[in-house]
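Enquirer: Fold the following and give me the result.
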Amino acid sequence: MADPGDKKVLSLHWGYSIGGVGKYGVLVDKAAHRAGIGIEHVCIRGRNWQVDEETLAELNALEIVLNSRGDFSWLRKLCRHLRAAQPDLILTHGFNGHFVARLLQLGGCFKGDIISSYHGLYHATTRARKWLAPLFNGFTEWHIRRTLGTVAVAAYSKKYLVGKGVAEDLVTVIHNGIEDRQCAAQAGRRLREEWQLDEGWLAIGIASRLDPVKGIEYLLTAFSRLAEKHARLVLVVVGTGSVERELQAKAQELGLASRVRFTGFRSDIEACLSAFDIFALPSLAEYHSIALLEAMRAGKAIVATDVGGNTESVRHEKEALVVRPADVSGLQDALERLVAQPALRAQLGNAARTRFLAEFSEGVMLDKTADWLGACLDRQAKTG
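Expert: Got it, this is the predicted structure:
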C-alpha cells in the first residue's frame, strides 16, 4: 500500500449545490483525514449562484469566483493553483467537475490521475435544459471509463454504469452515511408552534431540493385527497429549488393554502424531522438519498418510492412503505395507513433507525471511503 502521508488529493466542485452532493464533500474530507491523506477542496462558482454556504465554509474550500458566464479567468487561476499545489489525484463530482478536470489534463495543467464520485444521472431542473441530459450523462460515462477509480453511492448506480461499458472493477459501491445526531424534542415542538400546528395534528413532511425529479407535485395531489378526509393533517415542505413557485401555485390550485407549509431553505433539518410525524419521499429518481437516511436516523415512519437505491436503504413493510413513482393513489393509500395506524408508524420508525445505525452511519461510510482513497493511491503507485 502506498504511504498516504505525503499524498494529496484535490476535491473539485463546480458550484456547491444544496443537497446530497454538497454534503458528500464534507464526508470525503473526513475520510481523507481518517486515512492520513492530505485533501484540499476547490469550488468554482458564480457570484450569484445558489450554493450551500454553510457546508462550503465547513470545508474551508478555495473559492474561485466567476464574474460572468463569459469569464474564463477562473481557468488560469485554477491552473496556477494546480501547478503550485501538485496534487497526486483530482477527485471530481458531477458533470462540470468531470469536464473541468479533463480540460485541465488537456491543457497540461495537471498530469496526474482522476478519480470520481458518481451520484447518478443528470436530471434537468427546467424543461428548457432537457436537451442537456443526454450530453451530460454521455460525457460522464465516457469520463468514468477513463478514471483510476469511481465511487458509486448505490449498487443500482454501479449496475447502470457497468451496463454502459464501464469496467466492473473500476466502480466501488459505498453507500452514503451520516453522523448520528439526535435533536431535542423541544426543538421540534418549537417548530410545530412556528408552523401553527395545534395539539393532536399530524404533520407529513418532506425535506428536499424542490426540483421536478423529486415528484413533490404527486405528493401534493395525494395530500389533497387525504386532507378532504382528515381535518387535522398538515403537509410541510422544507427546501427550495427551481419549482418552488410552481409547487406553491399548485397548492393554491388544489385549495391547500391553509394546509401546506412551505418553509424555504432551512439548515435545522434535524429539528424539522423531529417535528414531522411521517416523512414522505415521492421522488421519480434517486440514487442513495441522504434525505432518506436523515429520516431513518430520526426514527420517522417513511413512505418512499421504489426508485434507484431507495430500497437499498429501506425495505417495504420492514423500515418503510414503498410505492411506485408517480403513483398518486399508491402514495395516498400508504400515507392513509400511517395516518390511521400510530402503532405502524412507531414500528416502522424504530426499524428504520435500527437499520440506519447498522448500515448507514457516518463511521461505516468513512472507513470504506478511506480504504478506497488509499486503494486508488496504491493503484496509481503500481501503474505510475
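
Enquirer: how many other residues sit next to residue 63?
Expert: Look at residue 63: counted by other C-beta atoms under 10 Å, it has 14 neighbours. For the C-beta atoms, the positions are set from N, CA and C on the backbone; glycine is no exception.

Enquirer: That one is in what secondary structure piece?
Expert: Using DSSP states H and E, residue 63 maps to strand 62-66.

Enquirer: Parallel or antiparallel, list what pairs with that strand.
Expert: strand 38-46 (parallel) (DSSP bridges).

Enquirer: can you give me the mean pLDDT across the strand it pairs with?
Expert: Strand 38-46 shows a mean pLDDT of 92.

Enquirer: So what's the gap between that strand and the chain middle?
Expert: 18 Å (C-alpha atoms, centre = their mean, to the nearest Å).

Enquirer: Tell me the helix or strand right after the strand holding residue 63.
Expert: Assignment by DSSP H and E places the next element after strand 62-66 at helix 73-85.

Enquirer: So what touches that next one?
Expert: 8, 10, 40, 42, 44, 62, 64-67, 100, 103-104, 107, 109-110 (C-beta atoms under 8 Å, 6 or more residues apart in numbering).

Enquirer: any idea how far residue 168 lies from residue 159?
Expert: According to C-beta to C-beta, to the nearest Å, residue 168 stands 10 Å off from residue 159.

Enquirer: Neighbour count: the two, which is higher?
Expert: residue 159 (14 against 9).

Enquirer: If I look at residue 18, what pLDDT would I see?
Expert: Confidence score, pLDDT, at residue 18: 61.

Enquirer: Dump the helix or strand bottoming out on mean pLDDT in the chain to CSV, keeping only the CA atoms.
Expert: Here the helix or strand of the chain ranked lowest by mean pLDDT, DSSP states H and E is helix 53-59, holding a mean of 81. C-alpha atoms of helix 53-59 as CSV (Å, rounded to 0.1, in the frame of the first residue of the first chain):
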residue,chain,number,x,y,z
GLU,A,53,-22.7,28.4,2.0
GLU,A,54,-22.7,26.7,5.4
THR,A,55,-21.3,23.4,4.2
LEU,A,56,-18.8,25.1,1.9
ALA,A,57,-17.5,27.2,4.8
GLU,A,58,-17.1,24.0,6.9
LEU,A,59,-14.7,22.7,4.2
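
Enquirer: which helices and strands does it pack with?
Expert: Contact here means 3 or more C-beta pairs under 8 Å, 6 or more residues apart in numbering; DSSP states H and E; on that basis helix 53-59 packs against helix 20-34.

Enquirer: got the angle for the helix it packs on vs strand 38-46?
Expert: 160 degrees (axes from the mean of the first three to the mean of the last three C-alpha atoms, to 10 degrees).
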